[in-house]
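# show me the folded form of this:
(one chain, ligands or ions: 1)
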Amino acid sequence: SSSTPKRVPPNTNTPKAYPIIGSIFAIAANKHRRIHWISDILLSSPSSSTFTLRRSLGSRQIFTADPAIVHHILKSNFPTYQKGPTLNRALGDFLGDGIFNSDGDNWKFQRQLSSHEFNTRSLRNFVETVVDAELSNRLIPILSATCNHTNANATNTCDLQDILQRFAFDNICKIAFGYDPEYLLPSLPTTTFAKAFDDATRISSERFNSAVPLVWKIKKILNIGSENRLRTAVSEVRGLAKKIVEEKKRELEEKKTLQSVDLLSRFLVSGQNDESFVTDIVISFILAGRDTTSAALTWFFWLLASHPHVEEEVVSEIIQKNHVDGSSVYEELKDMVYTHAALCESMRLYPPVPVDTKEAANDDVLPDGTFVKKGTRLAYHIFAMGRSERIWGADWADFRPERWLRRDGEGKWAFVGVDPYSYTVFQAGPRVCLGKEMAFLQMKRVVAGILREFRVVPAVAEGVVPEYTGYLTSLMKGGFPVKIEKRR
Ligand code: HEM
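Purely as a prediction, here's the structure:
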């Protein structure tokens, strides 16, 4: 950050802006394709992958897909770029002071205490007990039941995205609370809590991206429309989270033990008595763990279906690593290098978190010379960065796990990491995703479990590409209908 900024010619493909109302028309017109719209602007300029969107009343938001700027905001000038008051206000009703919505000492406290949940021992325990049980007792039998055992032309389909979300939801609740919500059952029960969670995520994120923030603030005061729905959804989410916190408190008191096996117990045992705050913490973790891995896996299976050579490599790795003498599930998963690369590659094209926004706590100048006024929001565009020719080269559009690999001396695949400020799928710097390793272990276990037995065949009409859409996390619009076939 101390080097002299070099002026880069600005991106001129920016939307038309007017005094006072800024680019309100363009923002409204692209409301339903916000991610693609901003990405197109960022990637279309030959000179700069950064531009300033002018919002109403003089408010500005900078977007970037430039690794040098990402390094500046996430690492070298970390204290300047915080979650900040705008995000706080927009997400506050839903996330409270949870880790996703906090800065400074409050963030540090939550980060330090929860990091224990992600050490090697906990992770090993997580994949070998929680994930494995959910996989063998629920996921595989449910897929097996929809499987077209006898007739390859049968039209039995299921929504794989929904199933993977249920899977991830059960998992995260077990780790976070030591509580099993039983959402992945053969009856695919109605998920009131999950539905409320979706509503709260969507409406909070719409607040954050709204062209005229005053509108949601007025609707909130009047308790009408989307704000009324948000209030209902939040009360549903917090109601259940609170019940779980109370139950856990009672359980800990009864047992009179200070053993903390799940994240919630860890916070309660640490002397954290403010129930509302503990509830906040829990809600942030559900958000972190539920939609991210399920979105990543949904797109992974979609891409695999049209890239048979990748599927072959993945399956061959699964067979090779399975039951190697003396190795544990955890070690097997660690060794699945090709599958790891294929997952990195699919998240490059379809990142579970599409965009991440910070707010400047003081005036600053970016490495390209852009002046940042205190209070300006600055977003690094993860989706655009994954599709940037500058970063990935001319074949950026190809799904090619090999770009993450090289052959070692014995001809085996070895993983080659990428600069985390260019591949920002898990963020980078001091606030890098805490669950990254846990996410990979879980995803590789699911991939191995499913592909060992089944082929996943998209039941999507020829030539149709599902739509990538999203709020705080990304989704396949309308779900992912698939046929499950027995692998021969
Ligand atoms: C493929 C899966 C995942 C992806 C792509 C992902 C991505 C991210 C990203 C981009 C952030 C930064 C968000 C922000 O600050 O605004 C983040 C933060 C975080 N993630 Fe993940 N995540 C994944 C899975 C998980 C899982 C399974 C957990 C565990 C429960 C988890 C826990 C967290 C936590 C606690 C933070 C906040 C870190 C902090 O602010 O210090 N993530 N993740």
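# the strands in this structure, which residues?
All strands of the chain, identified by DSSP state E, fall at 50-54, 60-64, 81-82, 158-159, 355-360, 364-365, 371-372, 377-381, 405-407, 413-415, 454-458, 468-470, 474-476, 481-486.
# distance to the ligand, mean pLDDT and mean neighbour count added to those strands, as CSV?
Every C-beta, even on glycine, is put in place using the N, C-alpha and C of the backbone. Converted to CSV, those look like this (distance: least, CB to the nearest ligand atom, whole Å; pLDDT from 0 to 100; neighbours: other CB atoms under 10 Å):
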stretch, distance to the ligand, mean pLDDT, mean neighbour count
strand 50-54, 19, 91, 22
strand 60-64, 15, 94, 22
strand 81-82, 10, 97, 22
strand 158-159, 20, 93, 18
strand 355-360, 5, 96, 20
strand 364-365, 19, 96, 16
strand 371-372, 18, 94, 17
strand 377-381, 10, 96, 24
strand 405-407, 19, 95, 13
strand 413-415, 16, 93, 15
strand 454-458, 18, 95, 18
strand 468-470, 12, 86, 19
strand 474-476, 9, 89, 23
strand 481-486, 20, 93, 20
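# out of those strands, which is closest to residue 44?
With CB to CB as the criterion, residue 44 lies closest to strand 50-54 of the strands of the chain, at 9.9 Å.
# what packs against that closest one?
On a contact count with 3 or more CB pairs under 8 Å, 6 or more residues apart in numbering; DSSP states H and E, strand 50-54 meets helix 34-44, strand 60-64.
# quick one: contacts of the shortest one?
Strand 60-64 is contacted by residues 38, 41-42, 49-55, 70, 355, 357, 366, 370, 372-373, 376-381, 384 when judged by CB atoms under 8 Å, 6 or more residues apart in numbering.
# tell me what angle it forms with helix 34-44.
When axes from the mean of the first three to the mean of the last three CA atoms, to 10 degrees is applied, the directions of strand 60-64 and helix 34-44 differ by 70 degrees.
# quick one, strand 60-64 and strand 50-54 angle?
With the same axes, to 10 degrees defining the directions, strand 60-64 sits at 160 degrees from strand 50-54.
# pLDDT score for the residue nearest to residue 292 when sequence neighbours are not counted?
Once flanking residues are discounted, residue 292 sits nearest to residue 352: 4.2 Å by CB to CB, 6 or more residues apart in numbering. Each residue has a pLDDT score; the one for residue 352 is 96.
# with residue 461 instead?
86.
# next, the contact list for it, please.
Applying CB under 8 Å, 6+ apart to residue 461 gives no contacts.
# for the one 10 residues further on, same thing?
With contacts taken as CB under 8 Å, 6+ apart, residue 471 has the following neighbours: 201-202, 205-206.
# tell me how far it lies from residue 253.
Using CB to CB, to the nearest Å, we find residue 471 at a distance of 38 Å from residue 253.
# neighbours around residue 20, how many?
Residues contacting residue 20 under the criterion other CB atoms under 10 Å number 8.
# need the residues of the chain near the ligand, please.
99-100, 111, 172, 285, 288-289, 292-293, 296, 352-353, 356, 425-427, 431, 433-435, 438-439 (CB under 6 Å from any ligand atom).
# list only buried entries from these.
For these, a burial check counting by 16 or more other CB atoms under 10 Å picks out 99-100, 172, 285, 288-289, 292-293, 296, 352-353, 356, 425-427, 431, 433-435, 438-439.
# what ranges in the stretch 201-350 of the chain fall below the confidence cut-off?
256-260, 323-326 (pLDDT under 70).
# enumerate every residue touching whatever residue of the stretch 301-450 of the chain ends up closest to the ligand.
Proximity of the stretch 301-450 of the chain to the ligand (CB to the nearest ligand atom) peaks at residue 435, 2.1 Å away. Going by CB under 8 Å, 6+ apart, residue 435 touches 118, 288-289, 292.
# great, nothing more from me.
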